[in-house]
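[1] take this sequence and fold it.
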Amino acid sequence: MIPYSLLIACEYDKININTKIFNKDALASGVWVNLPAYFSSFALSKIVDISKQKYEEVEFDADTVMQDYPHPWVRIDASILDLVSGMHIYKLVFEPIPKNGASDAVYIAYIIQDDNPETLYVYMPDRGNPPKTEEEG
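    You can find the predicted model right below:
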């Protein structure tokens with residue numbers, strides 16, 4: 001079994017309660033997104049990265065995104081997700097099947113944490129840390 005992580009798609013005002021925290025390596029295989037039930041008759045047409053007001057459309061194809069018809073699930077491959085430490089928000093835009101109505105959108109959000117950050121921990125002076133020796137400079 002391939003380990004996948006789960007995200008819950010929601011309206012924008014519910015992002016805070018549906019944001020998941022993952023270790024950087026936990027998303028190596030990608031994520032499954034649980035959609036609201038009525039999205040089972042919609043097809044994913046666009047993914048937009050709205051983190052930090054970037055508003056960049058993410059390119060995807062059948063190899064990187066798979067929708068489980070008629071179930072309300074979408075699998076998104078990690079190769080199209082931003083895996084840099086921090087919070088990431090995506091807007092998923094869906095078109096109805098058949099295309100005879102308006103599109104609809106939901107949002108997913110996650111936070112990436114890294115156990116081994118590239119920057120070293122900086123000790124705060126005057127906070128009880130041992131004084132530097134002459135060798136440490």
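[2] drop to CA atoms for contacts and neighbour counts, all remaining ones
    Noted.
[3] need the pLDDT of the residue most central in space within the chain.
    What sits nearest the mean C-alpha location of the chain, by CA atoms, centre = their mean, is residue 110, with 4.4 Å. Looking at residue 110, its pLDDT is 95.
[4] quick one: the strands in this structure?
    According to DSSP state E, the chain carries its strands in the segments 5-8, 20-23, 31-34, 42-49, 56-58, 65-67, 73-76, 86-96, 104-113.
[5] which among the ones you listed is found nearest to residue 14?
    strand 104-113 (8.8 Å; CA to CA).
[6] thought residue 42 was touching residue 92?
    No. Using CA atoms under 8 Å, residue 42 is not in contact with residue 92; the gap is 11.2 Å.
[7] now do the contacts for the closest residue to residue 73 other than its chain neighbours.
    Closest residue in space to residue 73, ignoring its immediate chain neighbours: residue 34 at 5.0 Å, by CA to CA, 6 or more residues apart in numbering. Counting by CA atoms under 8 Å, 6 or more residues apart in numbering, residue 34 touches 6, 7, 8, 9, 72, 73, 74.
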